[in-house]
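Novice: let's see this in three dimensions:
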Amino acid sequence: MNYKTIREECYEANVSLPKTGLVDLTFGNVSVLDETSGVFAIKPSGVAYDQLCPENMVIVDLDGKIVEGSLRYSSDTPTHRRLFLAFAEAGVSSVVHTHSRCAVSFAQAGKEIPCLGTTHADHFYGAVPITRSMTAEEIGGDYEWETGNVIIERFKELDPLDFSAVLVKGHGPFVWNRSAAKAVEYAIALEIVAEMALHTLSLQPDANGISQALLDKHFRRKHGKGAYYGQGG
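Specialist: I've put the predicted structure just below:
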């Protein structure tokens, strides 16, 4: 089969990461799902962004088998696969993982990113959640797959498109959305609101979050049936 479309979308999203400032060295990856074919494209492991091309994106099926590609896939591939298996039905078709510095700071502190203002509320319907710590058994077993499992566990009662990001405790952020471009956009938004929260909490450590009414207004004007922000379509 020809996987040109998802290869190109995956490539474009991956090479955009260094330009956004979200990644250092090779600390990031993007995957793109073709739900109809049951496969996704993902960055090869450890390859510098300036050496990437669409043809060396690795095509993997939802059972974890390489369908096309001569390079080893990203070490985070099992986590991406686990998220697709859980979230594709909600419309998720791309996952981004970075080690962006401010978001990682919250992950390392073991704290969710509180919703302190409307910039946050425009993108996430409340505090960005954080997972529990992984057990020694999970870490020593199929680590990357279990990373996906602790994310799914945290989202047991959450809509993945209301909260299209998570912090894995002690690790960093995973972000997802309906397209690779949108997932990268939300990874950028996540880092922005994490930085804003760090500055706000340094000025006012006991800063309160915004009201539920203001959160509802800002999130719902951009998301859902009643959304009116932007030009539609």
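
Novice: so what secondary structure elements neighbour the helix of greatest length in the chain?
Specialist: Ranked by number of residues, the top helix in the chain under DSSP state H is helix 180-203. In terms of contacts (3 or more Cβ pairs under 8 Å, 6 or more residues apart in numbering; DSSP states H and E), helix 180-203 is packed against helix 4-20, strand 28-34, strand 94-98, helix 101-109, helix 118-121, strand 165-168, strand 172-177. To be clear about C-beta, it is placed using only N, CA and C from the backbone, and glycine gets the same treatment.

Novice: closest one to P129 among these?
Specialist: Of all the helices and strands packed on helix 180-203, strand 165-168 sits nearest to P129, with 5.5 Å by Cβ to Cβ.

Novice: list the buried ones in the closest one?
Specialist: For strand 165-168, burial by neighbour count (16 or more other Cβ atoms under 10 Å) applies to 165-168.

Novice: again, but for stretch 107-123
Specialist: Under the neighbour-count criterion of 16+ other Cβ under 10 Å, stretch 107-123 has 107, 111-117, 120-123 buried.

Novice: from those residues, which is closest to L158?
Specialist: Checking these against L158 with Cβ to Cβ, the nearest one is E112 at 11.8 Å.

Novice: residue ranges with poor pLDDT in this protein?
Specialist: For the chain, applying pLDDT under 70 flags the ranges 1, 232-233.

Novice: before we move on, the earlier item: would you list the helices and strands packed on helix 180-203 in TSV and tack on distance to E144?
Specialist: Output for those, formatted as TSV (distance: least, Cβ to Cβ, whole Å):
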stretch	distance to E144
helix 4-20	18
strand 28-34	11
strand 94-98	10
helix 101-109	16
helix 118-121	29
strand 165-168	11
strand 172-177	11
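
Novice: and the ones you listed, which is most packed in?
Specialist: Comparing those by mean neighbour count (mean count of other Cβ atoms under 10 Å), strand 94-98 ranks first with a mean of 28.

Novice: just how off-centre is that strand within its chain?
Specialist: From the chain centre to the centre of strand 94-98 is a distance of 4 Å (Cα atoms, centre = their mean, to the nearest Å).

Novice: state the distance from the spatially most central residue of the chain to M134.
Specialist: What sits nearest the mean C-alpha location of the chain, by Cα atoms, centre = their mean, is V175, with 1.2 Å. V175 sits 19 Å away from M134 when distances are taken as Cβ to Cβ, to the nearest Å.

Novice: three-state assignment of V67?
Specialist: In three-state terms, and counting by DSSP: H, G, I helix; E, B strand; the rest coil, V67 is strand.

Novice: tell me which helix or strand the residue nearest to it when sequence neighbours are not counted sits in.
Specialist: What sits nearest to V67 in space, not counting adjacent residues and going by Cβ to Cβ, 6 or more residues apart in numbering, is I59, at 4.4 Å. Assigned by DSSP states H and E, I59 belongs to strand 58-61.

Novice: quick one: buried residues of that strand?
Specialist: In strand 58-61, counting by 16+ other Cβ under 10 Å, buried: 58-60.
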